[in-house]
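Trainee: Predicted model follows, preceded by the sequence.
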Amino acid sequence: MTFVERLEDRLLSNPRADRVKDVAALTRRSMRSKRGLFRAEGPQNVREAVRLALADSPAPGLPRLDAVYVTLQELDRHPGIASDLTAVADRGDVFVRAVTPEVLAAMTDAATPQGMLAVCRFPSSALDASEASGSSDDAARALGAARLVGMLVRVQDPGNAGTVIRTADAAGADAVLCTPGTVDPFNPKSVRSSAGSLFHVPVFTGMELAEVVAAAREHGMGVLAADGYASMTVSELADAAVLRAAGISSGDVAYPLEQPTAWLFGNEAQGLSEAEVAAADLSVAVPLYGAAESLNVATAATVCLYASAQAQRRIFDR
C-alpha cells in the first residue's frame, strides 16, 4: 500500500472530533502554553517543519514536529512535501493524517485555510511562551556565540513579530528575543507571517531587557536601539563600515557596525521608552527621505538587521 493509499484509508472527516478540537484550541495562548504545542499552517511552514524533522543534526533551540494534517488535494499539489512526509511517516515518530477540507477549516482560525498544517512542540529556547521573565542564564544561553540578534520590545502585532523573525532568518541572525509584553511569536498569525523561519532561527520569549543587555556586554556584543528620533542614522554607520572594510579611515566612529550586535525594536505605537533607549550603547534612526512620518517596525528591523549583516560579512566572510 502506498503512502497516499494509507492516508486515504485513515481519512479524518469529522470536524467535531476531539483531535480536531485539540488542534483548534491552539489558537489560544493559554492552551499553547499548557500543552507546549503550537500550530504552523500552510505549505511553506509544513515544508520547513518536516525538513527540520528529517535533519540528521538539527540545530538546537528549534521546534520539534509532532503531527501533520493535510488534505489529499493539497498533498497532490506538493509532491516534494509528500515525499518528505512519507519518510517522516515511515519513521513512526510523527502523527500524519489526511483530513477533509472541512476538518482543516475547523482546525484553523485562518480565513482561507491553506490545505495543510503542522503541530509542533515549543523549542527549549521558548521559555514556555508565557509571560515568565527570563533569567541571566537564559539571556546568556540566547546570545551564546551570536554575532547578530534582534529583540522585540513590547511589539504587539503578530504580523510584525512574524515578519521580523523572517527578516532575521534572511539576514543570517542567530536568534530573535522577545520581552514580556511582546505578542506571542507562536501565535498562529505570527507563525504564518514568519513563512517557515521559526524552523531556522531560535526564538526566545520572556526575556528581560536588562538581563539581555548585561549578557550582551559580557559576550562582547554591542546594543543598538532603533529609534526614529535618534540623530545618528543607520546609513551613516553603514557608510563608515564600508570605508573600514576598504581600508579607508572612517574618522571618529560612533559605533562599528561590523561588531557583534543586538538590535532593540520597540512597540508599534510608542516605540522604545526613554529607559529602553538609555539601556543601549547607541540609538539609531532609519533615515526618512520622503514625507512618511515613520516606518513600520518590521520594515525598520529589515533595514537595521541587513545593515549589520552586510557590515559583518565584509569583515568575517572575506
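Mentor: Done, it's in. Residues are numbered from 1 along each chain as shown.
Trainee: Now for residue 291, how many residues are close by?
Mentor: Neighbourhood size, residue 291 [other CB atoms under 10 Å]: 5. Where you see a C-beta, it was placed from the backbone N, CA and C, and this is true even at glycine.
Trainee: Read off the pLDDT value for residue 174.
Mentor: Listed pLDDT for residue 174 reads 94.
Trainee: Can you pull the phi/psi pair for it?
Mentor: Phi and psi for residue 174, reported as degrees, to the nearest 10, are phi -90, psi -20.
Trainee: separation between the nearest residue to it once chain neighbours are set aside and residue 307?
Mentor: Spatial nearest neighbour of residue 174, chain neighbours left out: residue 146 (3.7 Å); criterion: CB to CB, 6 or more residues apart in numbering. With distances taken as CB to CB, to the nearest Å, residue 146 is found 17 Å from residue 307.
Trainee: go on, residue 29?
Mentor: 33 Å.
Trainee: Between these two, which is the more surrounded one?
Mentor: residue 307 (24 against 16).
Trainee: got the end-to-end distance for stretch 51-58?
Mentor: 10 Å (CA to CA, to the nearest Å).
Trainee: Buried residues in that stretch, which are they?
Mentor: Residues of stretch 51-58 classed as buried: 51-53 (neighbour count, 16 or more other CB atoms under 10 Å).
Trainee: of all the residues you listed, which comes closest to residue 154?
Mentor: Closest to residue 154 out of the buried residues of stretch 51-58 is residue 52 (29.4 Å), distances taken as CB to CB.
Trainee: Any idea which helix or strand in the chain has the lowest mean pLDDT?
Mentor: helix 136-143 (a mean of 73; mean pLDDT, DSSP states H and E).
Trainee: what residues does that helix touch?
Mentor: Residues from elsewhere that reach helix 136-143, judged by CB atoms under 8 Å, 6 or more residues apart in numbering: 125, 127, 134, 149, 174-175, 177, 202, 204, 206-208, 211-212, 214-216, 218-219, 221, 262.
Trainee: Tell me the first helix or strand C-terminal of that helix.
Mentor: Note on helix 136-143: by DSSP states H and E, the next helix or strand toward the C-terminus is strand 148-152.
Trainee: Provide a list of residues in contact with the residue nearest to residue 174.
Mentor: Contacts of residue 146 (CB under 8 Å, 6+ apart): 173-175, 219, 221, 260, 262.
Trainee: Derive a ChimeraX selection command for the buried subset of those.
Mentor: If you want just the buried ones from the contacts of residue 146 in ChimeraX, going by 16+ other CB under 10 Å, the selection is:
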select :173,174,175,221,260,262
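Trainee: give me the low-pLDDT residue ranges for the stretch 101-250 of the chain?
Mentor: Within the stretch 101-250 of the chain, the stretches with pLDDT under 70 are 125-136, 138.
Trainee: hey, where'd the helices end up in it?
Mentor: Taking DSSP state H, counting those that start in this stretch as the test, the helices found in the stretch 101-250 of the chain are 101-107, 136-143, 158-170, 188-194, 209-218, 234-245.
Trainee: Can I get the fourth one in PDB, CA atoms only?
Mentor: As requested, the backbone C-alpha atoms of helix 188-194 are provided in PDB (Å, rounded to 0.1, in the frame of the first residue of the first chain):
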ATOM      1  CA  PRO A 188      -0.900  31.400  14.500                       C
ATOM      2  CA  LYS A 189      -0.800  34.800  12.800                       C
ATOM      3  CA  SER A 190       2.900  35.300  13.700                       C
ATOM      4  CA  VAL A 191       3.700  31.800  12.600                       C
ATOM      5  CA  ARG A 192       2.100  32.300   9.200                       C
ATOM      6  CA  SER A 193       3.900  35.700   8.800                       C
ATOM      7  CA  SER A 194       7.300  34.000   9.600                       C
END
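Trainee: in the least confident helix or strand of the chain, what counts as buried?
Mentor: Neighbour counts over helix 136-143 (16+ other CB under 10 Å) mark 138-143 as buried.
Trainee: ok, now stretch 107-123?
Mentor: Under the neighbour-count criterion of 16+ other CB under 10 Å, stretch 107-123 has 107-108, 110, 113-120, 122-123 buried.
Trainee: gap between the two ends of it?
Mentor: Using CA to CA, the two ends of stretch 107-123 sit 22 Å apart.
Trainee: same check, this time on stretch 52-66
Mentor: Stretch 52-66 has an end-to-end distance of 12 Å (criterion: CA to CA).
Trainee: between the contacts of residue 146, which is nearest residue 311?
Mentor: Using CB to CB, the contacts of residue 146 come closest to residue 311 at residue 260, 10.9 Å.
Trainee: The closest one reaches residue 223, doesn't it?
Mentor: No: in this structure, residue 260 is not within contact of residue 223 by CB atoms under 8 Å, at 10.3 Å.
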